[in-house]
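A.B. asks: Fold the following.
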Amino acid sequence: MKPQTRKRTKCLFVLPDLSGGGAERVTLDLVRNINKDKFEVTLFLLRYSGEYLNNVPQNINLKYGIKGKKSLYLNFFKIFKELLIAVKEVDIVVGALELKGHFFATWAARLCNKPVIGWVHKHLGYYLQSVPFLKRIIYKNITKILYKNMDGIVTVSNDAKMSIQSLFPEFANKVSYIYNPVDFSKIRELASGNLPEWFKSIESKPILLSVGRLEYQKGFDLLLKAFAKVKKEGLEGTLVILGEGSMRKYLEDMVSDLNLKDDVILPGFVNPYPIMANSDVFILSSRYEGLPTVLIEALGLDLPVISTDCPAGPREILEDGRYGILIEPEDVDVMARSIKSYLTRSYKFDAKNLQSEENKVERFEIKNVCSQWERILNRMW
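C.D. replies: Numbering: from 1, shown residues only. Alright, predicted model coming up:
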């Protein structure tokens, strides 16, 4: 008689959509690499839209509430109905992004009596400080209700974990942290791709790269001001900012006002890895993060980095400045001096010399991170 094989755990990951952000990308990396002999994974999108739709793995079930960029609020009942159908078929639910993903995932799981995990990608304490008072109160109270009804909360850094435990001490025992998964072999493969034509025209000068959504959180306005100070001192270099977002027009106007039209490129949402592999330095200018995966990717490609010491993640990733320059967030003068120190080589940082240090990126290797997620999914179920 053949021994019975244990059935695979059925997991449902819930995202608002697949727009081109870090949380969406790492969710796809996780569901792509999780052990399919032990887990059957379904991805549910509240809205079937976003730049990463073509990146969904073929061995992942994909379901959704509505198509296109229709309003989530006006289509709430249709989305929730489809989500309930999906939740009934699985063993455990993961709300893969705050706050909409958490809201839909938590209540659907509760109605179907299924365990639910909230995956938190931001430093909640700093985020709440950065929003208007009324929004802060509403957000915090909704979050408190959601956390009360979750079986587990997973943050992407230790700092982000401690922030939640400080804000909601009554749920401290529910909170753990797992670093974002990074598929370094895939990144190196993508980095060998063709460079865009516009990049070839700027290779004669040092290339400073930054990547992220064009939003207030990412601090690109600060970066532009710092870069303008550097250019006024006559130093050569081109700043490339990859990404899209609501601040595009504002940033384009800044580029014009600061007389940087010939020195700054905003090419939009493109494959960053060939550009990253051929740039001279990576700059993270964020006001706050959860765990900036792009900073880990830059290290994985042995790119020197300059990063704000914002909450949360950069200090953990760079191990207190061991693997790159850490600067005070929102300090334009310090950022400008750090960029200048790299361009003038007054700060000696050779990423190649750190390749032999196993700890640099091993913590974020996708196999290690997937194993941690597999353990917590099994424990919750």
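A.B. asks: and Q58, how many neighbours?
C.D. replies: Taking other C-beta atoms under 10 Å as the criterion, the count of residues near Q58 is 6. (Glycine included, C-beta is placed from N, CA and C.)
A.B. asks: Please report how far it lies from L43.
C.D. replies: 12 Å (C-beta to C-beta, to the nearest Å).
A.B. asks: same thing with P314?
C.D. replies: Taking C-beta to C-beta, one finds P314 at 29 Å from L43.
A.B. asks: Kindly report the same for K122.
C.D. replies: Relative to L43, and taking C-beta to C-beta, K122 is found at 21 Å.
A.B. asks: cool, Y250 as well?
C.D. replies: 33 Å.
A.B. asks: higher neighbour count, these two?
C.D. replies: L43 (23 against 14).
A.B. asks: Could you pull up the mean pLDDT of the strand or helix carrying that one?
C.D. replies: Following DSSP states H and E, one finds L43 within strand 39-48. Mean per-residue pLDDT for strand 39-48: 96.
A.B. asks: list the buried ones in it?
C.D. replies: Residues 39-48 are the ones in strand 39-48 that count as buried (16 or more other C-beta atoms under 10 Å).
A.B. asks: In terms of secondary structure, what does the helix ranked longest in the chain contact?
C.D. replies: In the chain, with assignment by DSSP state H, the single longest helix is helix 133-149. Using 3 or more C-beta pairs under 8 Å, 6 or more residues apart in numbering; DSSP states H and E, the elements in contact with helix 133-149 are helix 100-111, strand 116-120, helix 124-130.
A.B. asks: going on from that helix, what's the next piece of helix or strand?
C.D. replies: Next element after helix 133-149 (DSSP H and E): strand 152-155.
A.B. asks: Next SSE downstream of that following strand?
C.D. replies: helix 158-167.
A.B. asks: Just want the angle from that following helix to helix 133-149.
C.D. replies: Put simply, helix 158-167 runs at 90 degrees to helix 133-149, going by axes from the mean of the first three to the mean of the last three C-alpha atoms, to 10 degrees.
A.B. asks: all strands of this protein, in order?
C.D. replies: In the chain, the strands defined using DSSP state E lie at 9-15, 39-48, 61-67, 92-95, 116-120, 152-155, 175-177, 207-211, 238-242, 264-268, 281-284, 305-308, 325-327.
A.B. asks: Can you name the residues that contact the closest residue to R287 other than its chain neighbours?
C.D. replies: Nearest non-adjacent residue to R287, counting by C-beta to C-beta, 6 or more residues apart in numbering: G219, 4.9 Å away. Applying C-beta atoms under 8 Å, 6 or more residues apart in numbering, we find G219 in contact with 285-287, 308, 329-330.
A.B. asks: Go through the residues you listed and say which is closest to T344.
C.D. replies: S285 (19.7 Å; C-beta to C-beta).
A.B. asks: What is the neighbour count of the closest one?
C.D. replies: Count around S285 with other C-beta under 10 Å applied: 26.
A.B. asks: So for S204, what's the pLDDT?
C.D. replies: 88.
A.B. asks: I'd like the numbering to begin with 448 instead of 1 from here.
C.D. replies: Sure, I'll start numbering at 448, so the last one becomes S651.
A.B. asks: and it, how far is that from I786?
C.D. replies: 18 Å.
A.B. asks: Who has more neighbours out of the two?
C.D. replies: Of the pair S651 and I786, I786 is the one with more neighbours under other C-beta under 10 Å, namely 26 against 9.
A.B. asks: any idea how far L670 is from the closest residue to that one other than its chain neighbours?
C.D. replies: Nearest non-adjacent residue to I786, counting by C-beta to C-beta, 6+ apart: V677, 5.0 Å away. As judged by C-beta to C-beta, V677 and L670 stand 10 Å apart.
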